[in-house]
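Participant: Mind looking at a prediction? Sequence and model below.
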Amino acid sequence: AAPTAGLHFSRELMKRLELKGICFAEVTLHVGLGNFRAIEVEDLTKHKMDSEEVIIEEPTTNCINKAKDHKKKVVAVGTTSMKAIETAVSIYGNVKPYNGWTNKFIFPPYDFKVADAMVTNLHLPHSSMMMMAAAFAGYDFLIQAYKEAVEKKYKFFTYGDAMLII
């Protein structure tokens, strides 16, 4: 699947961020169908995610861990990136190189270990991606933001508008 949250970053924007000293790090998550399947259970602990392959290489972990060590902000661009780094985080809060599988389903309440902020699209209701956004932003705050997005006719899902959750 396309990493759609990253589509909001033009070459020009990325260059401007780079000139401000922003370090970019890449992760790979081979997204499965379960990422797009509607959640059909009331008890979220009973929802099962399909396994997805994650690859996080050492240069990426060095960039993230250096930022954390220097008290800089770490911003996950997309729920895919967030799921990957939360899969590869150690008990000490550092991200370690990872090449394996995850079936991580992040929903409220969840204690995020790595990112301080997240850029993500406006996701469809009852999706695992919306559940992750709710866990990061807080459910009530996210619903308030979604109501405003509907009122102002923002576009949802893959080629829609994005939000920065801090």
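Facilitator: Structure's in. What do you need? Note that this is a predicted model, so its numbers are computed, not measured.
Participant: contacts, neighbours, all on C-alpha from now
Facilitator: Will do.
Participant: ok, residues contacting stretch 125-135?
Facilitator: 35-40, 79, 105-110, 120, 122-124, 140-142 (C-alpha atoms under 8 Å, 6 or more residues apart in numbering).
Participant: Just the buried ones from these?
Facilitator: Neighbour counting by 16 or more other C-alpha atoms under 10 Å classes Asn35, Ile39, Thr79, Phe105, Ile106, Phe107, Thr120, Leu122, His123, Leu142 among the contacts of stretch 125-135 as buried.
Participant: So which of those residues are in strands?
Facilitator: Thr120 (DSSP state E).
Participant: Could you check the pLDDT of the spatially most central residue of the chain?
Facilitator: With distances taken as C-alpha atoms, centre = their mean, Thr79 lies nearest the centre of the chain, 2.4 Å away. For Thr79, the pLDDT comes out at 90.
Participant: Please tell me how far it sits from Met163.
Facilitator: Using C-alpha to C-alpha, to the nearest Å, Thr79 is found at 12 Å from Met163.
Participant: Ok, Glu57 next?
Facilitator: Distance from Glu57 to Met163, by C-alpha to C-alpha: 27 Å.
Participant: swap in Ile91?
Facilitator: 29 Å.
Participant: got it, and Leu7?
Facilitator: Counting by C-alpha to C-alpha - Leu7 and Met163 are separated by 13 Å.
Participant: Could you do Met82 as well?
Facilitator: 14 Å.
Participant: So between the two, which is more surrounded?
Facilitator: Met82 (24 against 15; other C-alpha atoms under 10 Å).
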